[in-house]
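**Student:** from the sequence below, what's the structure:
(one chain, ligands or ions: 1)
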Amino acid sequence: MRLDRFGSDLAGVGLLLLALLTLLGLVSLTHGVVIDFWIGLLRRWLGWGAFLVILAAGFGGVLLLWRGDPPLRRLPLGRVLSLEGLVFTLLALAALVGGRSLERADLGLDGGLVGWGLAELARLALPGPLDAVVLVLLALLFAAHALGGLAWLSRRIESWLAQDAPEEFLAAEEPAQASPTLEPVPDAPDKPQRGKRSGPKPVMVKPVARVERSPNLPPLDLLIPDQDSRPDEGQIHHSAQLIEQTLAEFGIPARVVGFRVGPTVTQYAVEPGFVDKIGPDGAPQRQKVRVSQISGLAKDLALRLSAERLRIEAPVPGQSFVGVEVPNAHSAMVRLRSLLETPAMQRMTAPLALALGRDVSGQPVLADLSRMPHMLVAGTTGSGKSVCIAAIATCLVMNNSPEQLRLAMLDPKMVELIRFKGLPHLLGTVETETERMLGVLRWALQEMDARYRLLEANRVRDLEGYNQRALRHKEPTLPRIVILIDELADLMMSAPEQTEGAIVRLAQLARAVGIHLVVATQRPSTDVVTGLIKANFPARIAFTVASAVDSRVILDVNGAETLLGHGDMLFLNPEVGTPTRAQGVILTDAEMDQVIAFWQRSIPPSEEAAPWEELLQEAEEEGGDALVKQAIEVIRRSQHASTSMLQRRLRIGYPRAARLMEELEALGVVGPAQPGGREREVLMSPDDEIDLDGSARDGYDGEDED
Ligand SMILES: Nc1ncnc2c1ncn2[C@@H]1O[C@H](COP(=O)(O)OP(=O)(O)OP(=O)(O)O)[C@@H](O)[C@H]1O
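**Tutor:** I've put the predicted structure just below:
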């Protein structure tokens, strides 16, 4: 290790010396047999290009001597080759400018013999002035690639195509590393070697084997690939030192024994040390530091590391150390494609396999929805719930055809899931009105019962068994159904009993018939995530929440309040038991559009109405009179006639409330619509009685009749 360092330092000094001597020789400030020979050689072969040798040698020397992690240390080979291409093209251009003269080249002018040779080659290959044009274009191309201009251009094009993705994230795009095991913390060069620590090891990204996919499924190249990135070893070393120092300042001996780099955080493995204490018998005793002492210092560590938030996993499950998770300077985007390409995902043959994100070591976090069998997603506004639900839906449709899987989407926020309109997997359309969403839940219950009857009639236990039997008898199979709800709070507020009843019943029974729920909410309070709902949703994802209380409502443990937002999550898999921290998948609009377009091309569009449409109409007809009566009662008592009030009081959507108002006008309960959005006149006094057959009856008249 040390010998390596010494060797590279020596080479660095040598290169700097060479650069200096070449410079002095080229400007004729120094002479000598060796120097003159060297300068003559350079001038004769490279002409003016000899000056570039100074730059190259100087740059190489600086890189070799640099302590820490210089940004260009690992310049990609492609860019190095482009730089070389640029130099040779410039030499040829210099020869062209000098009139392609061999004598001048021999004297060390223009591009030297190399430049002259290349210019001659260009002349032989291309007619007339075309050689000059081609050389200039080549030089520009090489320069653009070498300076990263092409990558910049392709990023710009990508961001134009993916206009939905926020600018700052595209710019800061640095995807995750695959770092399955704990890496030793890189040592500072001037620091004495301790324990078994070795030098910095670059985190390697495993080459991904080409994934064989059924041609009937969307190809993976519809999705954006990850970009390679490396952890900043200098920063990692610095943070590790700060953690040790801070703990030592609080009297806690501990050692950072390794780190794992994830897309958003780096987890430092802190091994608690021993403290000497006087025992009850007066003899000194060695005692291991309690993990709670380390976790109690989360805020002090955050302050010292200038971290916005810091989570301490004490201890890391199955390990003998405490994990201190420090946010990375740049968070990386986790793309669906790289997750679908991982061998772990390919090994998962389950149709409802989900790629949720990458954990703190960059490893994929995968789950099988059919085993979970339902999922609850919660987090404050802007924490990443909708993005997560959209990613789940996209992941499912990447692996399932509409015959295998149908989706029902309920999106009262009308933002994220609306983008799936037109997807052939979609049952009906994306529902956004409370009333219709309740209708979907009612339909799901009916569908569940109908499927159970079907299973019973065919004497099979579950959907899997039914479909196998159907295939054997060449009968149509039943698709799995996933119901995605982007905001549960709206439904729970407008019809709490109905919603809770339906969701709990589905959650308890629907698994066997292949119906699964993915429910999100930004209100992790007990009136939305009730005890009953929680008990039936063992798989939960918590994005960042406002308080530890909210975290406990979702996960039963603290921790979600220390997450960083923007897709940083804790995933509680019932099969694992403890929450796993991960960065969720994000998809651009362009990716989603491509996947939807693929399916639209493969499956002809159907005009089929939503299966719950009939149910909704029936309910409207049946419940019509009752609702009108309720509406009259509300207006009679309040003496106000506004559609929004009816919406609120009767917990119905706007279209239904507006229709009701028209019916009430026909019944003579309210006056005609007023211009300027003013309230309608109420034609009924508080004493009037409700009479659906005619108009409102006057209370006084009524008494008279009696
Ligand atoms: N996995 C992710 N990776 C990177 N950025 C993300 C991720 N998830 C979310 N974000 C960022 O956070 C923003 C908010 O996400 P999202 O709309 O999903 O939040 P939300 O929790 O649904 O909020 P609301 O409840 O207000 O709708 C996104 O626009 C995106 O910029």
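
**Student:** can I assume S685 sits in a strand?
**Tutor:** No - per DSSP: H, G, I helix; E, B strand; the rest coil, S685 lies outside any strand segment and is coil.

**Student:** from A122, how far out is it?
**Tutor:** According to Cβ to Cβ, to the nearest Å, S685 and A122 sit 99 Å apart. Backbone N, C-alpha and C define where each C-beta goes, glycine included.

**Student:** same check on G262?
**Tutor:** Counting by Cβ to Cβ, the separation of G262 from A122 is 50 Å.

**Student:** hang on, the earlier thing: more neighbours: S685 and A122, which one.
**Tutor:** Each of S685 and A122 has its neighbours counted (other Cβ atoms under 10 Å); A122 has more, 21 against 12.

**Student:** S551 touches T544, doesn't it?
**Tutor:** No - using Cβ atoms under 8 Å as the test, S551 is too far from T544 to be in contact (9.2 Å).

**Student:** common neighbours of these two, please.
**Tutor:** Shared contacts of S551 and T544 (Cβ atoms under 8 Å, 6 or more residues apart in numbering): 560-561.

**Student:** going by neighbour count, list what's buried in stretch 327-344.
**Tutor:** Using 16 or more other Cβ atoms under 10 Å as the test for burial, stretch 327-344 gives 327-328, 331-342.

**Student:** which ones among these map onto helices?
**Tutor:** Using DSSP state H, 336-341 are the members of those that sit in helices.

**Student:** for V415, see how far away the residue of the stretch 501-650 of the chain found nearest the ligand is.
**Tutor:** Closest residue of the stretch 501-650 of the chain to the ligand, Cβ to the nearest ligand atom: G567 (2.3 Å). To V415, G567 is 16 Å away according to Cβ to Cβ.

**Student:** neighbour-wise, which of those two wins?
**Tutor:** Taking other Cβ under 10 Å, G567 and V415 do not tie; G567 has more neighbours (27 against 13).

**Student:** report pLDDT for that one.
**Tutor:** With respect to pLDDT, G567 has a value of 90.

**Student:** right, and it touches L356 too?
**Tutor:** No - using Cβ under 8 Å, G567 is not in contact with L356; the gap is 10.1 Å.

**Student:** the ligand contacts on the stretch 401-550 of the chain?
**Tutor:** Selection of the stretch 401-550 of the chain residues close to the ligand by Cβ under 6 Å from any ligand atom yields 413, 522.

**Student:** swap that for the stretch 251-400 of the chain, sorry
**Tutor:** So the stretch 251-400 of the chain meets the ligand at 333, 379, 381-387 (Cβ under 6 Å from any ligand atom).

**Student:** show me the two of the residues you listed that sit farthest apart.
**Tutor:** Farthest pair in those (Cβ to Cβ) is M333 and T381. Separation: 20.9 Å.

**Student:** what bits of the protein have low per-residue confidence?
**Tutor:** Scanning the chain for pLDDT under 70 picks out the ranges 1-5, 67-76, 148-212, 228-231, 605, 619-624, 653, 689-706.

**Student:** count of residues packed around L247?
**Tutor:** Count around L247 with other Cβ under 10 Å applied: 26.

**Student:** next one: the nearest residue to P219 once chain neighbours are set aside from W48, what distance?
**Tutor:** Nearest non-adjacent residue to P219, counting by Cβ to Cβ, 6 or more residues apart in numbering: R213, 6.4 Å away. Taking Cβ to Cβ as the measure, R213 falls 54 Å from W48.

**Student:** for those two, indicate the residue with more neighbours.
**Tutor:** Each of R213 and W48 had its neighbours counted (other Cβ under 10 Å), and the higher figure belongs to W48 (18 against 14).

**Student:** I'd assumed A94 was in contact with that one.
**Tutor:** Yes - applying Cβ under 8 Å, one finds W48 in contact with A94, separated by 5.7 Å.

**Student:** which residues are common contacts for those two?
**Tutor:** 110-111.

**Student:** of the ones in helices among the buried residues of stretch 327-344, just say which sits nearest to S306.
**Tutor:** S338 (30.3 Å).

**Student:** what's around the closest residue to the closest one other than its chain neighbours, how many residues?
**Tutor:** Take S338 and drop its neighbours on the chain: the residue closest to it by Cβ to Cβ, 6+ apart is D226, 4.1 Å away. Close neighbours of D226, defined as other Cβ under 10 Å, add up to 25.

**Student:** in three-state terms, label D226 for me.
**Tutor:** Classification of D226 by three-state DSSP places it in coil.

**Student:** separation between it and the ligand?
**Tutor:** 13 Å (Cβ to the nearest ligand atom, to the nearest Å).
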